[in-house]
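Trainee: One predicted model, sequence on top.
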Amino acid sequence: MTRVNVYFRIKLCELEKDDKVLMDEKILSLKNFGIIHRNKPKAKGFGRSAKNEELSKDYKLSNVSFELYRGNRLGITGSSGGGKSLLIKGILGSLPRENWEIVGECKVLGEYELNKLNEAERREALKKYISYIPQDSINALNPYVGVLDQICREIEFTRGIKGSECEELAIEWLEKLGLGSDRSKLNLLPAEFSGGMRQRAVFVMAMVKNPKLLIADEPSSALDVINQLNTLEILQTLAENQDLTMIYVSHSPGMIKKLCDNIAIVSKGELVELESVENFFTSPKSDEGLRLLEASKELVSRGEYKGNE
């Protein structure tokens, strides 16, 4: 893969003077960020082992740079296999270190480089500052603890709220996302929830701690249409009213348009475009962006998809 230097800074919208101090808080900074896969070679010839061979390195993501400030909402899209999810895993520091190498800089709150922390430190930083909503909810919850109890533990750990107040807050959030308020049902094990119910529970787990940064990877993909809209409306409200900083990964430019201020196009391991949503939908700058926009408009015209409306 050709390595390219790309640098983008997401510009803040026009703000009142009193808001600018808070909004100038840098939440996430990537500089010359890249991800390398280390390929272990096969042993060649009699008496030679793979240990004696040099590892080959393959750049899967090359020199990506951007900054996110408090209140910025960035949507990441691109064709399947282009590097969207890999970028998120790199930011979270969750790639196995024996097979993957992170290059460049990725700082949270101007301080924490997650990929350079040991596992205990990384988990601590994630719990305190970052919430992650994965596409697949099956591994996001502890299978041996009731869902309500897990959410209460998250609130207690991150916000210091305990007892009945903690439980009331958890149930309030669960009810907002259509899971009801019956404690006995809410505290079933995750396996006893449907896939859509688990995904909504994971969403609640992410939001109850008031994260500095929310990373959502197709968070409504497992939900029915009504709950998709409900989830997106809640995200919109939080983003607008709580200065939520968010990275939202989606195959749909239309969903990003509804939720985000800026859109990033990732293609073949490169960040090929970053624009305001308004500018992108008016005049995309990259070939990949143009293809994505034309494809989603075609689906709308066929009545197969309404994400761009």
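Mentor: On my side now, so go ahead. Numbers count the residues shown, from 1 in each chain.

Trainee: Following element in sequence after the one helix or strand residue 278 maps to, please.
Mentor: Assigned by DSSP states H and E, residue 278 belongs to helix 277-282. Going down the chain from helix 277-282, the next helix or strand is helix 287-302, by DSSP H and E.

Trainee: tell me which residues of that following helix are tucked away?
Mentor: 288, 289, 292, 293, 296 (16 or more other CB atoms under 10 Å). Any C-beta I mention is one placed from the backbone N, CA and C, and that applies to glycine too.

Trainee: ok, back up a step: now the helix holding residue 278 - C-alpha only, PDB.
Mentor: Listed next in PDB are the C-alpha coordinates belonging to helix 277-282 (Å, rounded to 0.1, in the frame of the first residue of the first chain):
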ATOM      1  CA  VAL A 277     -21.500  17.000   6.100                       C
ATOM      2  CA  GLU A 278     -23.000  20.000   4.300                       C
ATOM      3  CA  ASN A 279     -20.100  20.300   1.900                       C
ATOM      4  CA  PHE A 280     -19.900  16.500   1.300                       C
ATOM      5  CA  PHE A 281     -23.500  16.200   0.300                       C
ATOM      6  CA  THR A 282     -23.200  19.300  -2.000                       C
END
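
Trainee: Give me the buried positions along it.
Mentor: Applying 16+ other CB under 10 Å to helix 277-282 flags 277, 280, 281 as buried.

Trainee: I'd say residue 263 and residue 278 touch.
Mentor: No: using CB atoms under 8 Å, residue 263 is not in contact with residue 278; the gap is 9.7 Å.

Trainee: So in terms of bridging, what pairs with the residue sitting nearest the centre point of the chain?
Mentor: Residue closest to the average C-alpha location in the chain (CA atoms, centre = their mean): residue 215, at 2.6 Å. For residue 215, the beta-bridge partners are residue 132, residue 247 (DSSP bridges).

Trainee: Quick one: residues contacting it.
Mentor: By CB atoms under 8 Å, 6 or more residues apart in numbering, residue 215 lies in contact with 88, 91, 92, 130, 131, 132, 133, 246, 247, 249.

Trainee: For it, give its distance to residue 38.
Mentor: In this view, residue 215 and residue 38 are 25 Å apart by CB to CB, to the nearest Å.

Trainee: got it, and residue 96?
Mentor: 10 Å.

Trainee: Tell me which of these two has more neighbours.
Mentor: Of the pair residue 96 and residue 38, residue 38 is the one with more neighbours under other CB atoms under 10 Å, namely 13 against 7.

Trainee: partner residues bridging that one?
Mentor: Counting by DSSP bridges, residue 38 forms beta bridges with residue 57.

Trainee: Helices of the stretch 151-300 of the chain, start to end?
Mentor: In the stretch 151-300 of the chain, the helices defined using DSSP state H, counting those that start in this stretch lie at 163-176, 183-186, 195-207, 225-241, 253-259, 277-282, 287-302.

Trainee: out of these, deepest packed?
Mentor: helix 195-207 (a mean of 23; mean count of other CB atoms under 10 Å).

Trainee: what residues does that helix touch?
Mentor: 131-134, 137-138, 140-141, 147, 150-151, 154, 170, 173-174, 177-179, 190, 193, 214, 216, 219-224, 227, 231, 238.

Trainee: Just the buried residues from those, in PyMOL please.
Mentor: In PyMOL syntax, the buried subset of these is picked out as below (16+ other CB under 10 Å):
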select buried, resi 131+132+133+134+137+140+141+147+150+151+154+170+173+174+177+179+190+193+214+216+219+220+221+222+223+227+231
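
Trainee: Count the residues that sit near residue 124.
Mentor: By other CB under 10 Å, the residues close to residue 124 number 13.
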